[in-house]
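J.: Okay, predicted coordinates and the sequence, questions at the end:
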Amino acid sequence: MILDIQGHGAYCYSGGKAFNAALPTVVFIHGAQNDHSVWGLQSRWFAHHGFGVLAVDLPGHGRSSGPALASVEEMADWLLAVLEACGVRKALLVGHSMGSLIALEASQRAPGKVRALAMLGTTYPMKVSDALLATARDDEERAIDMVNIWSHSTIAHKPSSPGPGFSVMGGARRLMQRMSAINPDRLFYNDFSACNAYANGEAAAQAVRCPTLFIFGAKDMMTPARSTGLLTGTIAHGKVVQVDCGHSLMSEQPDAVLDALDAFAASLEETPA
């Protein structure tokens, strides 16, 4: 569905079911140079198992119009406006990479709206090297190739690929290229710059009181395990799940990610909303 948010169209994929705000809501937030489709398996499963699902396309990404927002704070405000427009009282926010920072920031800005947090491939500070920032600014196609290689643990994914002949790395690369075609205004540089500049993560983490899940890739080179201590230490009540993959957790290990999210969501049903 497409909403009018801040004067621009905002696309939310509802998992093949009409969105129903009366159901427990799960909101999926993608990372840099991606769109809602990275949550294909997880979003559809939740939509067909008793949840209202909103898998968003951030502004300037996928089917959402308008310019890409330049900061995590602006993206968090936009996300909260989407929840308001959809009549969502409280939601489980599930964010990957840049999306995890958006979820974290939103939880501090509107704690009453956030029932729980699930943060995948996350770290803070989420610093981007000067070399990668420069490449994203000056040669986006090369930056896409670099990040695609670093985000996957292997070039051949068996047996986790969705079907024979499906290329996990190839699909990720084409998605990033499609984002460039849709929005040629240095989208990757915009997103990386937002991650690199975000400075409120520690304060936001200190404010988290809701149930929290961390899902990390054991072979993640973009947000490696050694960099996650500030978040996991600050949100000490958070549960940590590690899966055997790189940064592209949802495509490399879709079932393991779904299992972790399903178990986490089930645990929330045992406590008052």
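T.: Happy to help now that I have it.

J.: now the helices for the stretch 1-150 of the chain?
T.: With DSSP state H, counting those that start in this stretch as the criterion, the stretch 1-150 of the chain has helices at 40-47, 72-85, 98-109, 130-138, 140-150.

J.: Name the residues that touch the strand or helix carrying Leu261?
T.: Using DSSP states H and E, Leu261 sits within helix 254-268. With contacts defined as Cβ atoms under 8 Å, 6 or more residues apart in numbering, helix 254-268 is touched by 24, 26, 41-42, 45-46, 51, 92, 94, 115-116, 118, 120, 160, 162, 211, 213, 215, 239, 241, 243-245, 249-250. Just so you know, the C-beta spots here come from the backbone N, C-alpha and C atoms, and that holds for glycine as well.

J.: Separate out the buried members of those residues.
T.: Neighbour counting over the contacts of helix 254-268 (16 or more other Cβ atoms under 10 Å) leaves 24, 26, 42, 45-46, 51, 92, 94, 115-116, 118, 120, 211, 213, 215, 239, 241, 243, 245, 249-250 as the buried ones.

J.: ok, Leu23 touching Gly50?
T.: Yes. Applying Cβ atoms under 8 Å as the test, Leu23 and Gly50 come out as touching, 6.4 Å apart.

J.: Any regions of the stretch 51-200 of the chain where pLDDT drops low?
T.: 155-166 (pLDDT under 70).

J.: sec struct for Gln242, please.
T.: strand (DSSP: H, G, I helix; E, B strand; the rest coil).

J.: chain center to the helix holding Leu261, what's the gap?
T.: 15 Å (Cα atoms, centre = their mean, to the nearest Å).

J.: go on, stretch 26-44?
T.: 6 Å.

J.: Next, the buried residues of the helix holding Leu261.
T.: Pro254, Ala256, Val257, Leu258, Ala260, Leu261, Phe264, Ala265, Leu268.

J.: Just give me the closest of those residues to Thr228.
T.: Of all these, Thr228 sits closest to Ala260, with 15.6 Å by Cβ to Cβ.

J.: burial count for Gln206?
T.: By the other Cβ atoms under 10 Å criterion, the neighbourhood of Gln206 contains 11 residues.

J.: Now do the contacts for it.
T.: Gln206 makes contacts with Thr234, as judged by Cβ under 8 Å, 6+ apart.

J.: likewise the one 4 residues further on?
T.: For Cys210, the set of contacting residues under the criterion of Cβ under 8 Å, 6+ apart consists of Ser107, Pro111, Val114, Arg115, Ala116, Leu117.

J.: May I ask which two of the residues you listed are separated the most?
T.: The widest separation within these (Cβ to Cβ) is 11.4 Å, between Pro111 and Ala116.

J.: Now do Gly16 against Asn196, distance only.
T.: Going from Gly16 to Asn196 by Cβ to Cβ, to the nearest Å gives 36 Å.

J.: typo on my end, it should be Ala207
T.: In terms of Cβ to Cβ, Ala207 sits 22 Å off from Asn196.

J.: Repeat that for Met221.
T.: From Met221 across to Asn196, the span is 17 Å (Cβ to Cβ).

J.: Same question for Gly31.
T.: Distance from Gly31 to Asn196, counting by Cβ to Cβ: 14 Å.

J.: Look at His152 and tell me its secondary structure.
T.: Note that with three-state DSSP, the state of His152 is coil.

J.: If you could redo that for Gly171, that was the one I meant.
T.: Here Gly171 is helix, with the state taken from three-state DSSP.

J.: How much space separates the residue lying closest to it once chain neighbours are set aside from Leu120?
T.: In space, and not counting its chain neighbours, Gly171 is closest to Ser251: 6.8 Å by Cβ to Cβ, 6 or more residues apart in numbering. For Ser251, the distance to Leu120 equals 12 Å [Cβ to Cβ].

J.: Please apply the same query to Trp150.
T.: Trp150 is 16 Å from Leu120, where distance means Cβ to Cβ.

J.: residue contacts, the nearest residue to Met222 once chain neighbours are set aside?
T.: Distance criterion Cβ to Cβ, 6+ apart; nearest residue to Met222, sequence neighbours excluded, is His247 at 4.0 Å. Taking Cβ under 8 Å, 6+ apart, we find His247 in contact with Ser97, Gly121, Trp150, Ser151, His152, Gly217, Asp220, Met221, Met222, Thr223.
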